[in-house]
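J.: compute the structure for the input listed below.
(chains A and B)
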Amino acid sequence: MTESPKNIVEIKNLYKSYHRESLVVPVLYDITFDIAEGEFLSLMGPSGSGKTTLLNLIAGIDKADQGMIRIGDIDITNLSETELAAWRANSVGFIFQFYNLIPVLKAVENVELPLHLTTLSKRGRREHAEMALAMVGLGHRMDHYPSEMSGGEQQRVAIARAIVTDPTILVADEPTGDLDRASAEEILAMMERLNRDMGKTIIMVTHDPRAAERAGVRRHLEKGYLNHDAAQNPL
Amino acid sequence: MMLLKILFRNAFHHKLRSSLTILGIAVAILAFGLLRTVISSFYAGVDAASTTRLITRNAISIIFPLPISYADKIRQIEGVKMVSYGNWFGGVYIEQKNFFPNFCVEPQSYFALYPELVLDAGQKKAFLNDRKGCVVGRKLAKKYGWKIGDTITLKGLIYPGNWDFVLRSIYTGRDQTVDETQFFFHWKYLNEATKKLMPGLADKVGFYMIGVIRPDVAADTAVRIDKAFQNSLAETLTETEKAFNLGFIAMSGALVTAIQMVSLIVIFIIIAVVANTMAMTTRERTGDYAIMKTLGFGAKDIAILIFGEALVLTFTGSLLGIVLTFPATRIFSQHIATYFPTFLVSAQTIYMDIAASMIIAFLAAVIPTRQAIRIRIADGLRRIG
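T.: Numbering: from 1, shown residues only, chains lettered A, B, ... in the order given. Have a look, this model is predicted:
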């Protein structure tokens, strides 16, 4: 009998609402679920269902009104802003729809950026960044600025930036939303490899059913409620 | 290092906008520097004033003269080392627009009291031996093309008629702060003519220049001089040269204040321009800052980026403005030498330029920084795309 992987993310009774002047807009209701270590999870749902909000809460870039989010051994709902920033730097890799690279930095400098918050030497930072870029197949584009690269290439740089610190989890918000079909396939294949070959835990928000199919586990959000029947990918 | 790299590249990312902002700052600092130099020029005489010289004039007003007989009495007063005297002549060369300061003085004592006016020994001797001789400053001689031996005719506005002088000496200033646009001639020449033309004004002087033995006795000596002429027909008012010069500036007080106000307005305008640039820049980079915060960078790092960018733009513009101030001042001084004989950019003006640029950078960056720091990461990320 094989040992089932331990949970890397535990979410319990999570509530979140936004305040627009005097108006309170509830976004998430009583969300409870776990993500196993090495899982590739896709969060689906229509616009306004709270997918990105949930992802932001898991990634520690927004604060819940109520509930608990434990990542590894840390309950991030109890962390201060400063502690959260330090935790994010060490534990989370981010991939966004619009790549979100710093336009004035070259590809290798963009990948190096999160390493400036570590104790690595200048040489160590550069070596790590070059290795990460080589892993995403962009070893030859290190000195190019984002404006000199295609959307797919920029997203690969963003993936290199996300993995360069070897984070606990990777969060991806519509990573293929701004890409053509071929580039999207490339990015999804790369994420699959990161999950399969490197054991990275990936949480991906997507509208695209074809992208969601790549994930091992699919969950649906509907008007702020989580559909508890997670679909397991037979593959 | 990475933050420095980002802020420098950010500062020059939009080349046209950055260039125009830098140009605006440069022009503002240039204007500020020129205006401050005008103000400094007003005070140039004050700064150059000697601490061992006193000026004695009529207590009622400088336009009323004092008897020449006071000279001997002043020489006897404790603390007095040397006495000279003179009158404002108020002549013009050919026509009214050719105006420059012209005085008649007792030449031996005057040039002994003012060692900053440097005369060639031979020329000085020739001047002292010629009652109709005159001494002019180097800049004045250059302006009108006068050479030694030339006859110069001044038209008297206070003392009517045409007055001929022979140029015997051209003085130079001991340093850059000395006025080289003055014209001096013998008091006796004027007095002898006045005796015939306006006997009532003869044997009178406009002011006494008094050298004291040490700077620390100047105040007491001034009191003793005025006391000596108390209750006389022409009571005196004796001041240090510095106070005397400040009195002249006070007459132009409103003008100096107006120039100071304009120089401050220039700075306020450029603060608004740079603040607008920084606000636009920060708004455009909200996503970048959100990403950096997402990656774990803190408020301090974001503040360094925005303040740093404002400082880079402002200092580049200021440096350009300061560099341009020197040729601009030279050009300016050629046209206004009559009004501002020593028009020099002082070290204080440069320090004020630098201080102004720091104030501009700080005030322009403070609100955008506050906004960038306070925006929630999720809201910042939403602005991308």
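
J.: beta partners for the residue most central in space within chain A?
T.: The residue lying closest to the centre of chain A (CA atoms, centre = their mean) is A:Val171, at 0.8 Å. Beta-bridge pairing of A:Val171 under DSSP bridges involves A:Phe94, A:Ile203.

J.: wait, it sits on A:Val92?
T.: Yes: with contact defined as CB atoms under 8 Å, A:Val171 and A:Val92 form a contacting pair (6.1 Å). C-beta here means a position set from N, CA and C on the backbone, and glycine is covered the same way.

J.: mutual contacts of these two, please.
T.: Residues touching both A:Val171 and A:Val92 by CB atoms under 8 Å, 6 or more residues apart in numbering or on different chains: A:Ala59.

J.: the helix or strand containing B:Ala303 vs chain A: in contact?
T.: Here B:Ala303 sits within helix B:299-336, counting by DSSP states H and E. No: remark: helix B:299-336 sits outside contact range of chain A, by CB under 8 Å from any CB of the partner chain, the gap being at least 8.7 Å.

J.: list the buried residues of the following helix or strand past that helix.
T.: Past helix B:299-336, further along toward the C-terminus, the next helix or strand under DSSP H and E is helix B:347-374. By 16 or more other CB atoms under 10 Å in any protein chain shown, the buried positions in helix B:347-374 come out as B:349-350, B:352-353, B:356-357, B:360-361, B:363-366, B:368-369, B:372-373.

J.: could you pull out the helices in the stretch 51-200 of chain B for me?
T.: All helices of the stretch 51-200 of chain B, identified by DSSP state H, counting those that start in this stretch, fall at B:70-75, B:107-113, B:121-129, B:138-144, B:187-197.

J.: show me which residues of the second one are buried.
T.: By neighbour count, with 16+ other CB under 10 Å as the criterion, the buried positions of helix B:107-113 are B:107, B:109-111, B:113.

J.: tell me which of those is nearest to A:Pro175?
T.: Proximity of the buried residues of helix B:107-113 to A:Pro175 (CB to CB) peaks at B:Leu113, which lies at 86.8 Å.

J.: please report how far the closest one lies from B:Gly211.
T.: For B:Leu113, the distance to B:Gly211 equals 5 Å [CB to CB, to the nearest Å].

J.: you'd agree A:Tyr99 is up against A:Val157?
T.: Yes: assessed by CB under 8 Å, A:Tyr99 is found in contact with A:Val157 at 7.2 Å.

J.: could you name every residue contacting both of those two?
T.: In contact with both A:Tyr99 and A:Val157: A:Pro146, using CB under 8 Å, 6+ apart.

J.: pLDDT on the helix or strand B:Ser263 falls within, on average?
T.: B:Ser263 is part of helix B:253-284 when elements are defined by DSSP H and E. Mean pLDDT, computed over helix B:253-284, is 88.

J.: tell me the buried residues in that helix?
T.: B:259, B:263, B:266-267, B:270-271, B:273-275, B:277-278, B:281-282.

J.: dump these into JSON lines; add distance to B:Asn58 as well.
T.: Below are the buried residues of helix B:253-284 laid out as JSON lines (distance: CB to CB, whole Å):
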{"residue": "B:Ile259", "distance to B:Asn58": "31"}
{"residue": "B:Ser263", "distance to B:Asn58": "36"}
{"residue": "B:Val266", "distance to B:Asn58": "41"}
{"residue": "B:Ile267", "distance to B:Asn58": "42"}
{"residue": "B:Ile270", "distance to B:Asn58": "47"}
{"residue": "B:Ile271", "distance to B:Asn58": "48"}
{"residue": "B:Val273", "distance to B:Asn58": "52"}
{"residue": "B:Val274", "distance to B:Asn58": "53"}
{"residue": "B:Ala275", "distance to B:Asn58": "54"}
{"residue": "B:Thr277", "distance to B:Asn58": "58"}
{"residue": "B:Met278", "distance to B:Asn58": "58"}
{"residue": "B:Thr281", "distance to B:Asn58": "63"}
{"residue": "B:Thr282", "distance to B:Asn58": "64"}
